[in-house]
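S.K.: Build me a model:
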Amino acid sequence: MSDPEYLATLLSAIDGEIARISAAESGSDEHASAIDDAADSVFRLREKVKAGYSGKKAYYLAASTDPKGIRVEGISALHGKRAHELVRDGGWMHADSSTVLEALDDDRISRYHAIAGRGVAQTFRDAREYLAAAVALADK
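M.R.: Numbering: from 1, shown residues only. As a prediction, the model looks like this:
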């Protein structure tokens, strides 16, 4: 991981989306857009962090031993999906919801369990915190 300016930009993007989520009315178009954009930002930063580890297994081992890293993987399970469709009243739907079951395959649902039932904004804050710390660790 060699571009600190790009990494800072990605972290800043997550910060901006978390602020949008917190400021928008739950269920509004702005709220939905911010959730989708935040999920995309987390995924982009996760991919950059993952590339900084010596191997794919090293990243997954690190992420799987930290509750916030596990949440990053839960958010990443939503990549390519309309994440906002899995949110009700400011929280992620439970994994047994028919909406979730229709939207995600078995592998994604197993990772989604890490965020199911949690508050959306807090989940993104946890992911941001983990990824910010992981940026510093990945190149070591």
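
S.K.: Who are the contact partners of the residue lying closest to residue 26 once chain neighbours are set aside?
M.R.: Nearest residue to residue 26 in three dimensions, chain neighbours excluded: residue 90, at 5.0 Å (Cβ to Cβ, 6 or more residues apart in numbering). All C-beta spots, glycine's among them, are computed from the backbone N, C-alpha and C. Residues counted as contacts of residue 90 (Cβ atoms under 8 Å, 6 or more residues apart in numbering) are 26, 119, 120, 121.

S.K.: Tell me the predicted confidence for residue 90.
M.R.: With respect to pLDDT, residue 90 has a value of 91.

S.K.: What are the boundaries of the strands in the protein?
M.R.: Along the chain, the stretches classed as strands by DSSP state E are 87-88, 91-92.

S.K.: Might one say that residue 26 is in contact with residue 91?
M.R.: No: using Cβ atoms under 8 Å, residue 26 is not in contact with residue 91; the gap is 9.4 Å.

S.K.: And these two? Which one has more around it.
M.R.: Between residue 26 and residue 91, residue 91 has the larger neighbour count (other Cβ atoms under 10 Å), namely 18 against 13.

S.K.: ok, now which ones touch the nearest residue to the more buried one once chain neighbours are set aside?
M.R.: Nearest in space to residue 91, with sequence neighbours left out and distances taken as Cβ to Cβ, 6+ apart, is residue 119 at 5.3 Å. For residue 119, the contact set (Cβ under 8 Å, 6+ apart) comprises 90, 91, 92.

S.K.: Please report the distance of residue 100 from residue 54.
M.R.: Residue 100 is 34 Å from residue 54, where distance means Cβ to Cβ, to the nearest Å.

S.K.: Looking at those two, which one has more neighbours?
M.R.: Remark: of residue 100 and residue 54, residue 100 carries more neighbours, 19 against 10, as counted by other Cβ under 10 Å.

S.K.: who are the neighbours in contact with that one?
M.R.: Per Cβ under 8 Å, 6+ apart, neighbours of residue 100: 86, 93, 94, 109, 112, 116.

S.K.: Check the last one and give its pLDDT.
M.R.: With respect to pLDDT, residue 116 has a value of 98.
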